[in-house]
Each structure stands twice: as C-alpha cells, then as structure tokens.
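Asks: Based on what follows, work out the 3D shape:
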Amino acid sequence: MSSTKESGPETHSRRGSYVAIEFTPEISQQCLKQVEFYFSDFNLPYDKFLRMTAEKNDGWVPITTIATFNRMKRFRPVDKVVESLRSSKKLEVSEDGENVRRIEPFDLEGAKRAKMEQNKRTVAVMNFAHENVTDKIELQDKLEEFFCKFGQINQLRLRKDHTKKFNGTVLIEFKDLKEAEEFLKTYTGESAETLSFETRKLDVFTKKQFDLQREATRSKNFSGSGQKARSFTGHRKNMPKASRRRSSSKKDSKPEIEAPKAEEKPEEINKDE
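Replies: Presented below is the predicted three-dimensional model:
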C-alpha cells in the first residue's frame, strides 16, 4: 500500500489541518473498515468514550472526532473519509457530512452478553519488551502477524500504563473459542511449551486470570486520590437532530443534542483500539 503526501505546508480547512494522501480504492476500503470496527460489537463494549459519546447524541459521533483516533490520522483529507463512509452498509452519515452512526442501534444488554463470550475467547500475553517502543502501530502490525499463526483473531489490544505507554501486555481475542482453548492448553500448565517473541520469553494467562491480577494490583496501589477530568478534544458542532427512527418525538420536533462529557478517547487497537 502506498500513499503520497502533497508538497508544501499542511492544508487548513474547516475540518482542521492535514496532509492529504491519495484516496485509492484500497485506501478508501481500509478507512471504511477501520471506522466500521470502531462501531462494531467487538469494539464498543470496550470503548467507553465512543459508546458514551454515541449514547448522548442519538448514536451520532462527529467524524472529526473519529479522525483524531490514532489509526485514522493518516486518512486525510477528512472529506474523503466522509465519502468512504457513505458507501458503508453498516454505518450512516448525516446529511451535512459531519457525523456518523450505526445503522443498527447498539444493544448494550446484548453487548454485555457478547462481551462475556469475548472474554472466553480472549487470552492475555505478558512480558513483551516495552521500554523502547516508539511506534505502537508498527508494533501492533508485527504482533498481529505473529499471533495470526495460532488462529484467526478478531482483535488485538496493546495494554497501556497510566502514562499511556505500552506496558508489555497484549490481549488477543480469537475468533473461535476452540483456537483460544488450544492456545491456552499449549502455553499454560505444567507441560506448557515456551512462547517467545523476538527471543523474549512470554507469559500466557486467561482473561479471567488477567482481570483478577489487575484488580489485585489496583487494590494494593489504591491511594484514594481522585483523577482529574480530561479535556474533550473532538468537535461538538453541528450534531444532527434526533432521528425519527430512534426517537418517540413528533416529526417536526427538533430536540437538542447533548454534547458528550469530557473524556479522552483511549487509543484503539484492532485487527484495526
């Protein structure tokens, strides 16, 4: 895949600053696939920022906000992103081209059940080298390629510490439960084989073991101090009015759309947080 940058300074528009690339059909498809992942049942149960933003605005999320996500920053200009999203069979774009949402509303209760099933297919792998990681996307790609040999994966997430740096732990969700179980059987227990990446020995745990360990660490380190609210960096303007499809209001009513509360979007990791 190739992309070309325009010469000269970054272009400025109502959608912000960017360096444009050539939106080939391949690039357009990659862009669409990425945004569809953000709104998918695989991602939304984990993505509190995106889910809450959508819930407060009748499912709509500003495309300019989506464009600030780590794996979307290379897709410029944003107008081309809008064009790509209009071809989606899973998402719809508002008439003004400012916002996007799922065509099928997100079912939170169904998502909770799906998340329980996800956890069964998810394994935690620890002890990756992380001290000198400068490009998490490059590392993401390497790890996806590494773990694909163990089975088809739905997503892979790099865990981060309180400074937002990779902490050496990866969560891998397999598409098939049997493949997850086979992976755990091979690399855990008394007769476990050694799993290594770039000569570094790795440790493998179930998602349940990982969660218990994380909660134990939180309890041990909890100081009782609160956390400062972080600023919302996305655009709030031009949020579309509530749709008749999702609202019981009369046809001509124009309810106000509540802006999302201040919260920072966590870095997304997927078979692209």
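Asks: what about Leu32, how many neighbours?
Replies: Leu32 has 21 neighbouring residues, counting by other Cβ atoms under 10 Å. Backbone N, C-alpha and C define where each C-beta goes, glycine included.
Asks: Which helix or strand contains it?
Replies: In the assignment (DSSP states H and E), Leu32 maps to helix 25-38.
Asks: next SSE after that helix?
Replies: Going down the chain from helix 25-38, the next helix or strand is helix 48-55, by DSSP H and E.
Asks: just to revisit the earlier point, what about the helix holding Leu32, distance to the chain center?
Replies: On the basis of Cα atoms, centre = their mean, to the nearest Å, helix 25-38 is displaced by 13 Å from the centre of the chain it belongs to.
Asks: Please name every helix or strand in contact with that helix.
Replies: Under the contact criterion of 3 or more Cβ pairs under 8 Å, 6 or more residues apart in numbering; DSSP states H and E, helix 25-38 touches helix 78-85.
Asks: Can you give the contact residues for the helix it packs on?
Replies: If you take Cβ atoms under 8 Å, 6 or more residues apart in numbering as the criterion, helix 78-85 is touched by 15-16, 18, 20, 23, 28-29, 31-32, 35, 63-64, 66-67, 72, 75, 91, 93, 97, 100.
Asks: Could I get the CA-only coordinates of the helix holding Leu32 as PDB?
Replies: Output in PDB follows, covering the C-alpha atoms of helix 25-38 (Å, rounded to 0.1, in the frame of the first residue of the first chain):
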ATOM      1  CA  PRO A  25     -10.000   2.300  -3.700                       C
ATOM      2  CA  GLU A  26      -7.700   0.300  -1.400                       C
ATOM      3  CA  ILE A  27      -7.100   3.200   0.900                       C
ATOM      4  CA  SER A  28     -10.800   4.000   1.000                       C
ATOM      5  CA  GLN A  29     -11.700   0.500   1.900                       C
ATOM      6  CA  GLN A  30      -9.100   0.500   4.700                       C
ATOM      7  CA  CYS A  31     -10.600   3.700   6.000                       C
ATOM      8  CA  LEU A  32     -14.100   2.300   5.900                       C
ATOM      9  CA  LYS A  33     -13.100  -1.000   7.600                       C
ATOM     10  CA  GLN A  34     -11.400   0.900  10.400                       C
ATOM     11  CA  VAL A  35     -14.400   3.100  11.200                       C
ATOM     12  CA  GLU A  36     -16.800   0.100  11.000                       C
ATOM     13  CA  PHE A  37     -14.600  -1.700  13.500                       C
ATOM     14  CA  TYR A  38     -14.900   1.300  15.900                       C
END
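Asks: need the helices for the stretch 151-273 of the chain, in chain order.
Replies: Assigned by DSSP state H, counting those that start in this stretch, the stretch 151-273 of the chain shows helices spanning 177-187, 207-221.
Asks: For Pro45, which of those is the nearest?
Replies: Nearest to Pro45 among those is helix 207-221; the distance by Cβ to Cβ comes to 13.0 Å.
Asks: Let me see the contact set for Ser28.
Replies: Counting by Cβ under 8 Å, 6+ apart, Ser28 touches Lys80, Glu83, Ser84, Ser87.
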